[in-house]
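1. got a sequence here, can you model it:
(chains A and B)
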Number of protein chains: 2
Amino acid sequence: MSYQIDFEPVGRRVQVTDSVSILQAARDGGVGLAAVCGGVGTCGRCRVQVLSGQVSPPTPAELDLLDADDLAAGYRLACQTEVRSDLKVHVPPASLTAPQRLQVEGRELPVAPAPPVNAHAVRLSAPSRMDIRSDEARLRAALPAPDLPVDVAVLRQMPGVLRANDWAATLGLREGDGVVSIHPPDTALLGLAVDLGTTKIAGYLVELASGQTLATAGVMNPQIAYGEDVMARIGYAMESPAQAAELQRVAVQALSDLARDLCAQVERAPEDVVEAVVVGNTAMHHLFVGLPVRQLGLAPYLPAVSEALDVKARDVGLEIAPGGYVHLLPNIAGFVGADHVAMLLATGIYDADHVVLGLDIGTNTEVALRAGERLITCSTASGPAFEGAHIRDGMRAAAGAIERVQLIGDRVEYQTIGSVPPVGLCGSGILDAIAALRLAGVLDSRGALVSHPRVRRGENGPEFVIVEAAETGHGRDLVLTRRDVGEIQLAKGAMRAGMNILLKEAGLSEDDVDEIVIAGAFGTYIDVRSAVAIGMFPPLPERRFHQVGNAAGMGARMALVSTEQRALAARIARRAEYVELTNVPSFMEEFARAMVLP
Amino acid sequence: MSYQIDFEPVGRRVQVTDSVSILQAARDGGVGLAAVCGGVGTCGRCRVQVLSGQVSPPTPAELDLLDADDLAAGYRLACQTEVRSDLKVHVPPASLTAPQRLQVEGRELPVAPAPPVNAHAVRLSAPSRMDIRSDEARLRAALPAPDLPVDVAVLRQMPGVLRANDWAATLGLREGDGVVSIHPPDTALLGLAVDLGTTKIAGYLVELASGQTLATAGVMNPQIAYGEDVMARIGYAMESPAQAAELQRVAVQALSDLARDLCAQVERAPEDVVEAVVVGNTAMHHLFVGLPVRQLGLAPYLPAVSEALDVKARDVGLEIAPGGYVHLLPNIAGFVGADHVAMLLATGIYDADHVVLGLDIGTNTEVALRAGERLITCSTASGPAFEGAHIRDGMRAAAGAIERVQLIGDRVEYQTIGSVPPVGLCGSGILDAIAALRLAGVLDSRGALVSHPRVRRGENGPEFVIVEAAETGHGRDLVLTRRDVGEIQLAKGAMRAGMNILLKEAGLSEDDVDEIVIAGAFGTYIDVRSAVAIGMFPPLPERRFHQVGNAAGMGARMALVSTEQRALAARIARRAEYVELTNVPSFMEEFARAMVLP
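-> Numbers count the residues shown, from 1 in each chain, chains lettered A, B, ... in the order given. Predicted structure coming up:
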């Protein structure tokens, strides 16, 4: 027999010739399914949802690891389930290996395009000795209104474009701003959406009229060279205007390079990009626009600018169509920025009719609580530990990073990105490791390592050997130290304290939370069970958690193609309440309590 | 006896102790009156108008040189007229020596200020732990409308200005464009008006609210290094985008330097200049804005842009308030530009109810004819000869330039700028010389030099010795050559042909012209009688001619301080008809006829 299996949302179709497991089919088709246990039904990481078709009945292992609701909804472990017909299989993001999760970020937007810039085709009469009107007069006669503003960059390009294309052209018309770009006839106008993170930058090239994402790419934020976190960069910028300008320049250059690379992927030119939306935290927003950050770095941590901002690309130096605009979503507060607004927009949290906690986990973690009619936000300094920084053997999610860890007796099972020998631990691996050690009693509730065959005294105190030198890619032991555990305790403690203070502000308790939405790359990779096990999240049923990937990037794309979504984002920012945690008397107490490992 | 004499418009008050001549009083007070004959009543150049007070009766010399209408209107020769009481005396521009004429250009504008940018004072509440609104939110609450656009440059400066001034500031609010500048409290906003000529640049620093001109200055156009006339510069720009950019850069740099120097004169900063108006011919306009000029250099000589244009100062690189705008008046045609529109605006020619010819004499001379309801324009390539270029001993109007010439028998009488030994001839001196030689029969009607004691054979043909080496400042003979005469014949012939073709277009003859308005620095300096004598102007009564100085600069200032004047300028440009002389079949014939010396 031959069956055909469609994996969604990766969009892979695989032919199998016999009753193989879904895991085998996925491997055959290059779909990177997580399987820490190697496919023996013990880790439970290869969860998939069978949407249609016939499969083998659940095995005892599945009955053990999946609950009745899961099974009823078609959830199965891919390693335990045999193909019995053509299938349609949905792979949740958490079941994919990290690199593949990046690839499958939604290409379709959940909004109908209503872009701020629309194409307007013109065909003009050629000049002659008897018709010596200016190029501008000719062009204006073909505009929807003859007195529309025409950007000076368009005026500069106009004579060349018109003469090279037999007096025909495509114009970019922006609502309220007139003609912002001029192109050869039949040019499809492009947009650029950017999530400008403290550590990473994600870029999306979008066709404005259709809303289709044509290309995506991620790069590191080159400002890292000037300071790892937001406060360090604010400090650097405060030292001199030249240093602030340098931070601005390198970020913009990274975005210009990103735009050029994205365009090259689909054989287009950056001049065809007529609009950009950039979201980032308030400090990234200010540094990108060239706004002063001194007042952001000193109490009471004021943004210079809070409203949405339209600024000409050339006024920040971004190399797209020279008359195009960059739209920046509004900031809520000094440490709750436009990226959080974008996340609230993309996830729909802002008008949920149930109680939702929204988390955008990063170097700073923003927390939002939707409860009744209220939308309350705060920011917590979670630090870069989740991204592998400040961790002895930490690394970012790249080939060779351990992304999944299990402890079975004294044996450590792990899975690396790219299935190559391990060289370090990325954030989700660190979380798994701490959870596993805590569950096994190797860590006590304060985070101290207790006696265990794999625990030894290292240079800087106790450490747990995760992988011995012989097995690693670089020939050194991979360890988790007491200090590493402490870093994660600080990070998760700050986050959890923020959640609890927002709940208290709304008169609610953790049990009242109907849904926890986890956004951000790191949040997408983690095993929610591990996060609950270490007390990062409250102990709620697994199905109340939703990992939504880079929601800020999604929100940026929605705002890129829809002026309605921009208006909505402005309303979200205006409605959002902000709680400054340092003003909350009980914060330190909550923080101390939240650092405990349950 | 002691009398007090007020000289207008120079604004000098002089005390004299006896019945001296007005000329002597002027000399005592440092008022530079022209007097070629040295004050013996033969040259007639020291004409003044006695507005009030008692003076001696007219002498025979005055009865000879002034007509009855002149005398009735109070016109007298300053050298012939004795002071008999306190006097008020008006000195016409043509009676002043050149440097002083520049100084007295009207400081009062003939329009009430209604500037595009107005000052708006704000005083904000300071932030606190309990009021953590952004700087922007604070500012918006103090705006006339909270959703006014605020320029990104203002947002960048805002946190610093507000904190340095106890949360008070002056904002520049521009009609339709929102907040374009931010300053310390009680800053009076300034404007810059510029007449960007092919050869010279004239700048005016104006207080926007009052319309007062605070400072004026003139500099050479540094683009001269890249080509003397418009066509040469277009050619240079066409060779490569880098060369076009270079022309743009040097012109803008000259304007930035001019703005800085003007501000320094009155101890202000260029950042206080929130608006600029720049007028120039179409090529200067395009090169300044960075618009392509290729289509200007090739038939049918099309402007890229014809409408009035508002462009951010930073988008052309002009160093004034970074959010401020440069307004450029509209262009009429490829060779009738915004400077001519400014001249038509300042002189009121556009809606005169009599027949007026308006001339803006320069390297290119624009001609306008107002007749009935029509306003017809053309452009003639008069070349740089009037500015002393292409003339053997020509020079621009500077110290040592001969600006007045008379031939009395075989003797040449002359006057130099600064009353120093002569080193060359400026335009008005050249015109006087040719007129004097023609009247004396030393030149024939074709411009050939006939036999005369001062005519000799020079290196390049016949030449007339104006000043012998011993008398000059550099020890060389100063001569006027046959070629020099030819250059002037070409220049004045082109101009006169343009006038005649416009008159023909309107069905009029020269006698129908009620008024000839002569604008431009050169036009202000010349002796109209000499210009008529060589056939540059039609032989109309002297009082039909009006020399109005730099009317383009005046028009630029009027547009700078009044949006109504801008609207008027736009209407003038739209109404103006344009005649392309190269399309007129009779042009060459008219040109040939107009080259003759009558």
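2. return stretch A:256-273 as CSV; C-alpha atoms alone will do.
-> In CSV, the C-alpha atoms belonging to stretch A:256-273 read as follows (Å, rounded to 0.1, in the frame of the first residue of the first chain):
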residue,chain,number,x,y,z
SER,A,256,18.5,48.2,5.5
ASP,A,257,20.6,45.1,5.0
LEU,A,258,17.7,42.9,6.0
ALA,A,259,15.4,44.7,3.5
ARG,A,260,18.0,44.2,0.8
ASP,A,261,18.4,40.5,1.6
LEU,A,262,14.7,39.8,1.8
CYS,A,263,14.2,41.6,-1.6
ALA,A,264,17.0,39.6,-3.1
GLN,A,265,15.3,36.3,-2.0
VAL,A,266,12.4,37.1,-4.3
GLU,A,267,14.4,39.1,-6.9
ARG,A,268,12.9,42.4,-6.1
ALA,A,269,14.6,45.8,-5.2
PRO,A,270,14.4,47.7,-1.9
GLU,A,271,13.1,50.7,-3.8
ASP,A,272,9.9,48.6,-4.3
VAL,A,273,9.4,48.6,-0.5
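3. and it, which residues are buried?
-> A:256, A:257, A:258, A:259, A:262, A:263, A:268, A:270, A:271, A:272, A:273 (16 or more other CB atoms under 10 Å in any protein chain shown). Using the backbone N, CA and C atoms, a C-beta is placed for each residue, glycine as well.
4. from these, pick the one nearest chain B.
-> For the buried residues of stretch A:256-273, the residue nearest chain B by CB to the nearest CB is residue A:271; the value is 14.9 Å.
5. tell me the pLDDT at the closest one?
-> Per-residue confidence at residue A:271 stands at 97 (pLDDT).
6. which SS state does it fall under?
-> helix (DSSP: H, G, I helix; E, B strand; the rest coil).
7. how about it: what's its closest non-neighbour residue?
-> residue A:321 (5.3 Å; CB to CB, 6 or more residues apart in numbering or on different chains).
8. which residues does that neighbour contact?
-> Residue A:321 sits next to A:153, A:172, A:180, A:181, A:270, A:271, A:272, A:273, A:274, A:313 when contact means CB atoms under 8 Å, 6 or more residues apart in numbering or on different chains.
9. picking that back up, out of the buried residues of stretch A:256-273, who's nearest residue B:230?
-> residue A:271 (30.8 Å; CB to CB).
10. state the distance from residue A:367 to residue B:76.
-> 90 Å (CB to CB, to the nearest Å).
11. one more: residue A:120?
-> Residue A:120 is 67 Å from residue B:76, by CB to CB.
12. more crowded one of the two?
-> residue B:76 (24 against 15; other CB atoms under 10 Å in any protein chain shown).
13. doesn't the more buried one fall inside a helix?
-> No. Using three-state DSSP, the assignment for residue B:76 is strand, not a helix.
14. I'd say it and residue B:59 touch.
-> No. Using CB atoms under 8 Å, residue B:76 is not in contact with residue B:59, being 9.3 Å away.
15. re earlier: out of the buried residues of stretch A:256-273, name the two that are farthest from one another.
-> A:257 and A:272 (16.5 Å).
16. chain neighbours aside, what residue packs nearest to residue A:457?
-> residue A:463 (7.7 Å).
17. might you report the residue contacts of residue A:426?
-> A:98, A:388, A:394, A:395, A:396, A:397, A:398, A:401, A:402, A:403, A:417, A:525.
18. farthest-separated two in the residues you listed?
-> A:98 and A:394 (14.6 Å).
19. once you drop chain neighbours, what's closest to residue A:177?
-> residue A:149 is the one closest to residue A:177 (CB to CB, 6+ apart), at 6.4 Å.
20. what values do phi and psi take at the one you found?
-> Dihedral angles phi and psi of residue A:149 (degrees, to the nearest 10) take the values phi -60, psi 140.
21. what about it, how many residues nearby?
-> 15.
22. quick one: low-confidence residue ranges for the stretch 351-500 of chain A.
-> Along the stretch 351-500 of chain A, the model assigns pLDDT under 70 to no residue.
23. quick one: the strands in it?
-> With DSSP state E, counting those that start in this stretch as the criterion, the stretch 351-500 of chain A has strands at A:356-360, A:365-371, A:374-380, A:401-408, A:411-416, A:424-425, A:455-458, A:461-467, A:478-481.
24. dump those strands to a markdown table, plus distance to residue B:21 and mean neighbour count.
-> Listed next are the strands of the stretch 351-500 of chain A as a markdown table, based on distance: least, CB to CB, whole Å; neighbours: other CB atoms under 10 Å in any protein chain shown:
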| stretch | distance to residue B:21 | mean neighbour count |
| --- | --- | --- |
| strand A:356-360 | 89 | 26 |
| strand A:365-371 | 87 | 26 |
| strand A:374-380 | 85 | 22 |
| strand A:401-408 | 100 | 24 |
| strand A:411-416 | 106 | 19 |
| strand A:424-425 | 101 | 26 |
| strand A:455-458 | 108 | 14 |
| strand A:461-467 | 106 | 21 |
| strand A:478-481 | 104 | 23 |
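25. nearest to residue A:592, out of these?
-> It's strand A:374-380; of the strands of the stretch 351-500 of chain A, that one is closest to residue A:592 (CB to CB) at 14.1 Å.
26. the closest one near chain B at all?
-> No. Using CB under 8 Å from any CB of the partner chain, we find that strand A:374-380 stays clear of chain B, coming within 12.5 Å at best.
27. what lines up beside that strand in the sheet?
-> Sheet pairing for strand A:374-380, assigned by DSSP bridges, gives strand A:365-371 (antiparallel), strand A:577-578 (parallel).
28. name the residues that touch it?
-> A:332-333, A:335-336, A:340, A:344, A:349-350, A:364-369, A:494-495, A:497-498, A:501-502, A:505-506, A:572, A:575-581.
29. got it, and stretch A:580-598?
-> Contact with stretch A:580-598 is made by A:299-301, A:333, A:378-380, A:434, A:438, A:443-447, A:489-490, A:492-498, A:500-501, A:504, A:533-535, A:539, B:129, B:132, as judged by CB under 8 Å, 6+ apart.
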